[in-house]
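Asks: quick check, what structure comes out for this input:
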Amino acid sequence: MDLRPQWFERFDAFVTILVFLDLICAVYITPAHAQGFRILLFSLAGVGLIVMVVARRLRALRFVADVIPKFSFADNRDVWRLVDQEYAYIGVSGDSFFQLFCNARGKGLLPSGRIRFLMLHPDRECVRESKRHELGREPSDDEVKMAAERIVNCARQYIALGVEVHFYEAYARYWAHFVDDSEAYIGYLLQGQSGLEGPVLRLRRGHRHNPLLKHFHQEFERLWGSATDAATYLRS
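Replies: Below is the predicted model of the structure:
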């Protein structure tokens with residue numbers, strides 16, 4: 001249960017304090033100065049209210065560095081330019097930017113360190129769930145089969161490039177880029193739309209560890225730890 005005071009309770013307390021101070025002005029301050037003091041008092045109260053509103057906005061900006069309405073293919077390359085040591089990705093298959101990834105790797109835009117991809121397990125119900133969410137309707141067996149084959153093909157190609165690939169089974173309705181331990185791009189998969197049509201949150205660590213960024217990092221590690229190694233699975 002949320003016991004924090006609601007906005008109307010805070011406003012009521014704010015008005016009560018103003019009335020009390022105004023009463024003090026009327027009783028203890030001479031009539032010649034009471035009006036000017038009231039003007040000063042209410043001006044300070046107005047400034048304080050504005051500061052409160054602005055401070056709330058600034059606190060939100062500490063957690064969310066940017067909101068991107070649409071995320072184009074070129075934006076993936078711009079994210080990879082920021083990677084210094086480690087990069088991780090979670091999504092359905094990563095097929096939409098495979099060629100872009102190869103070009104970026106060839107141009108040295110990606111680190112020589114660890115690169116990890118979490119893809120949906122091709123032989124699990126999560127593929128059907130993902131396709132159902134993307135299409136906004138029940139997919140046919142052929143559509144699910146094609147999606148599973150695309151995941152397998154992408155996994156093989158990324159593994160050949162030296163990427164660590166795991167298959168996870170709990171479909172997450174978002175994709176994400178993780179840049180080192182300092183930044184993340186969280187793209188929300190909206191029902192009936194492709195992955196490039198939803199809004200994207202850009203989270204930055206800042207001076208202290210951003211709790212939202214920490215949450216998504218921990219969720220990635222949780223899924224990674226329980227996922228199936230794709231290279232081993234595909235050899236079996």
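
Asks: so residue 88 sits in a helix?
Replies: No - Residue 88 sits outside any helix when classified using DSSP: H, G, I helix; E, B strand; the rest coil, being strand.

Asks: just the helices in the protein please.
Replies: Along the chain, counting by DSSP state H, helices occupy 7-28, 31-63, 73-80, 98-106, 125-135, 141-160, 211-226, 230-235.

Asks: may I ask which helix or strand of the chain has the lowest mean pLDDT?
Replies: Least confident helix or strand of the chain, by mean pLDDT, DSSP states H and E, is helix 31-63 with a mean of 57.

Asks: outline the domain layout of the chain.
Replies: Domain ranges of the chain: 7-64, 69-235, per automatic domain parsing.

Asks: among those, which is the most enclosed?
Replies: domain 69-235 (a mean of 17; mean count of other CB atoms under 10 Å). Where you see a C-beta, it was placed from the backbone N, CA and C, and this is true even at glycine.

Asks: what does stretch 208-219 rub up against?
Replies: 62-64, 172, 176, 178, 181, 183-184, 186, 201, 203-205 (CB atoms under 8 Å, 6 or more residues apart in numbering).

Asks: quick check, central residue of the protein?
Replies: residue 186 (3.5 Å; CA atoms, centre = their mean).

Asks: OK, contacts around that residue?
Replies: 174, 175, 176, 200, 201, 203, 216.

Asks: which of those residues fall in strands?
Replies: 174, 175, 176, 200, 201, 203 (DSSP state E).

Asks: so where is the chain shaky, pLDDT-wise?
Replies: For the chain, the stretches flagged by pLDDT under 70 are 1-15, 17-62, 195, 207.
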